[in-house]
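# show me the folded form of this:
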Amino acid sequence: MPRRTKIVATLGPTSSDRQTLARMIEAGLDVVRMNFSHGTAREHAARLELVRNLARKAGHSVGVLVDLQGPKIRIGRFKHDKITLRSGEKFVLDAECTLGDGGRVGLDYQNLPKDVAPGDTLLLDDGRIVLGVTQVKGPRIFCLVEQGGALSNNKGINRKGGGLTAPALTGKDMQDIKTAAQLKADFLAVSFPRSGADIQRARDLMLKAGGKSMICAKIERAEAIPALAEILDAADSIMVARGDLAVEVGDAAVPALQKRMIRMARDRNKLVITATQMMESMIDNPIPTRAEVSDVANAVLDGTDAVMLSAETATGKYPVETVAAMARVCLEAEKDETFITERRRAAPPASVEEAIARATIFTANTLNIKAVAALTQSGKTALLMSRMNSNVPIYALSAVVETRRRVTLFRGVYPLNFKGARNPERALYMAEDELLRRGAVNHGDYIVLTIGEPFGKAGGTNTMKIVKVGEHRQA
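Numbering: from 1, shown residues only. Got it, this is the predicted structure:
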């Protein structure tokens, strides 16, 4: 049984050479993440070309996710790169400071003094440093160190409880959206959205630039939680970005929020990626901790479409081993039944495609079906099928390369290059033969095929057929 949960891995200095990338694809990489917080457009283009060349050579489809930097809510730089803060000391965040010292530091986000007030708590470096705001005077925020430690250049700032007004899309992000469109990125991740409007703006900019990327909303602001429904309605997928989110809402709140977000995404036929520190110890070690194994497994059991690696593959010592370890954990977790709510069963289907998708998965789950073959132009029917519980593999057969790369993120869906035929009956026979040739099924197995008529029309799946493999050869 092929692995259903997909693996997203971030490219970086230790994972961008030809040999390492080829081994990562072989180990089970499904989607690469290109972090636009680092690197130039030319560097990203070279990496993307390498990924796609290696994927073609390996006979795989590999998706590309471009992750926008978002607003830089960070401190500035120190004269000597690093200081140590001690509890009880006074410290100033000064928007007019150029180089910081032991008593103050500058701000990349110049509007921070307008967003905070005495009594607020500011969390620096993912919550490792805690500052209590005592006074705000012009461009300066006067603080008392509540929890000290080492503080170095350009560390991030969060306000406990959220409330920072930085826009989700900066000028850099808008330019990077144009670059992502030119690169034909399959997915675009928007950092720090607060509303559905933020996501719609990113989509409009992508379409204006001629791109077709699916839009992923990274849920990492406290304000995004009450707006989850509208963000999901506007996006194609969400990312449970547990780092900044944990700092803003509290780490204890994140596990339940993760389960809630995954459930909401699936209920709305949207995709979901679970991210942040999933196997962080493998940055320096060749095996994960038991806690990390449990973390990945629980995300799989929650029903996430994908699990994501960040520094583990971007700068870690063991990028190939990390992908292999994550694949191993996902496969083992998938042996247990996943309990994903399917409230959609009680509601009427929203379209003919959804009705066909429901009928297909119900049939696959209740008969001895070995595989589902969805002949698709857009991938929509395969997506709808993937929102429902099933251990039966779903093969998305498409001649459209963009569709094959897109479905790399769909849980339990596997893209196949399929040129098809000029009529639906012949296409169904060819699809059956393709699954047989690839060893996905054997003679005598039952499979379910879906197709749209009139044949070749995008977004028009309206037919389901149950076939006994090899039977058409005897007819």
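# in the chain, where is pLDDT below threshold?
337-346, 420-422, 454-459, 472-475 (pLDDT under 70).
# now stretch 36-43, how far from the centre of its chain.
19 Å (CA atoms, centre = their mean, to the nearest Å).
# mind checking the end-to-end distance for it?
One end of stretch 36-43 to the other measures 10 Å (CA to CA, to the nearest Å).
# same question for that stretch: list its buried residues.
36, 39 (16 or more other CB atoms under 10 Å). Where you see a C-beta, it was placed from the backbone N, CA and C, and this is true even at glycine.
# same check, this time on stretch 198-215
The neighbour-count check on stretch 198-215 (16+ other CB under 10 Å) flags 198-203, 205-206, 209, 211, 213-215 as buried.
# narrow those residues to those in strands?
Members of the buried residues of stretch 198-215 lying in strands (criterion: DSSP state E): 214, 215.
# would you turn the buried residues of stretch 198-215 into a markdown table with distance to residue 391?
As requested, the buried residues of stretch 198-215 are exported to a markdown table (distance: CB to CB, whole Å):
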| residue | distance to residue 391 |
| --- | --- |
| 198 | 37 |
| 199 | 32 |
| 200 | 36 |
| 201 | 39 |
| 202 | 35 |
| 203 | 34 |
| 205 | 39 |
| 206 | 35 |
| 209 | 40 |
| 211 | 35 |
| 213 | 30 |
| 214 | 25 |
| 215 | 30 |
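# helices - which of the buried residues of stretch 198-215 land there?
Taking DSSP state H, the ones among those that sit in helices are 198, 199, 200, 201, 202, 203, 205, 206.
# look up the closest residue to the first one, ignoring the ones flanking it.
In this structure, residue 198 finds its nearest non-sequential neighbour in residue 168, 4.0 Å apart by CB to CB, 6 or more residues apart in numbering.
# residue 200 is in contact with that neighbour, correct?
No - at 10.9 Å, residue 168 does not count as touching residue 200 under the criterion of CB atoms under 8 Å.
# tell me how this protein divides into domains.
Per automatic domain parsing, the domain ranges recorded for the chain read 6-70+167-333, 77-159, 343-474.
# how long is stretch 362-370 end to end?
Terminal residues of stretch 362-370 lie 13 Å apart, using CA to CA.
# just the buried residues of that stretch, please?
For stretch 362-370, using 16+ other CB under 10 Å, the buried residues are 363, 364, 369, 370.
# how about the secondary structure of the second one?
In this case it means residue 364. Per DSSP: H, G, I helix; E, B strand; the rest coil, the local secondary structure of residue 364 is helix.
# quick revisit: so of the domains of the chain, which one's packed in deepest?
Highest mean neighbour count among the domains of the chain (mean count of other CB atoms under 10 Å): domain 6-70+167-333, with a mean of 20.
# so how far is that one from its chain's centroid?
3 Å.
# run through the residues that contact the residue nearest to residue 198.
70, 71, 190, 191, 192, 193, 194, 198, 201, 202 (CB atoms under 8 Å, 6 or more residues apart in numbering).
# over to residue 216?
Residues near residue 216 by CB under 8 Å, 6+ apart: 65, 187, 188, 189, 190, 235, 236, 237, 238, 239, 271, 273.
# try 10 Å this time
By CB atoms under 10 Å, 6 or more residues apart in numbering, residue 216 lies in contact with 65-68, 187-191, 193, 199, 202, 235-239, 270-273, 409.
# what's the answer for residue 74, then?
By CB under 10 Å, 6+ apart, the neighbours of residue 74 are 106, 107, 108, 109, 112, 124, 125, 153, 154, 155, 156, 157.
# repeat for residue 114
By CB under 10 Å, 6+ apart, the contact list for residue 114 reads 95, 136, 139, 164, 165.
# now it, what's its secondary structure?
helix.
# same deal with the one 4 residues further on?
Applying three-state DSSP to residue 118 yields a three-state assignment of coil.
# residue 291 and residue 281 touch, don't they?
Yes - assessed by CB atoms under 10 Å, residue 291 is found in contact with residue 281 at 8.8 Å.
# give the residues shared as contacts by residue 168 and residue 200.
In contact with both residue 168 and residue 200: residue 193, using CB under 10 Å, 6+ apart.
# from the contacts of residue 168, which is closest to residue 81?
residue 71 (23.4 Å; CB to CB).
# does the closest one touch residue 115 like I think?
No - shown here, residue 71 and residue 115 do not form a contact pair, counting by CB under 10 Å, at 11.5 Å.
# between these two, what contacts are shared?
109, 164, 165, 166.
# the first one is in what secondary structure piece?
Yep, that's residue 109 we're talking about. Residue 109 is part of no helix or strand, with elements assigned from DSSP states H and E.
# now it. Nearest residue, chain neighbours left out?
Here the residue nearest residue 109, using CB to CB, 6+ apart, is residue 73, at 4.6 Å.
# any idea how far the one you found lies from residue 167?
The gap separating residue 73 from residue 167 is 11 Å, by CB to CB, to the nearest Å.
# list residues touching both of these two?
Contact criterion CB under 10 Å, 6+ apart; residues shared by residue 73 and residue 167: residue 192.
# pipe the contacts of residue 74 into a markdown table and attach distance to residue 413 per row.
Shown next, in a markdown table, are the contacts of residue 74 (distance: CB to CB, whole Å):
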| residue | distance to residue 413 |
| --- | --- |
| 106 | 48 |
| 107 | 45 |
| 108 | 40 |
| 109 | 40 |
| 112 | 43 |
| 124 | 41 |
| 125 | 39 |
| 153 | 43 |
| 154 | 39 |
| 155 | 39 |
| 156 | 35 |
| 157 | 39 |
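# quick check: the two most widely separated of these?
Pairwise over the contacts of residue 74, using CB to CB, the maximum falls at 112 and 153, 16.7 Å.
# so which residues of the stretch 1-150 of the chain form strands?
6-10, 31-35, 63-67, 77-78, 82-85, 90-94, 99-100, 104-105, 121-124, 129-137, 140-147, 149-152 (DSSP state E, counting those that start in this stretch).
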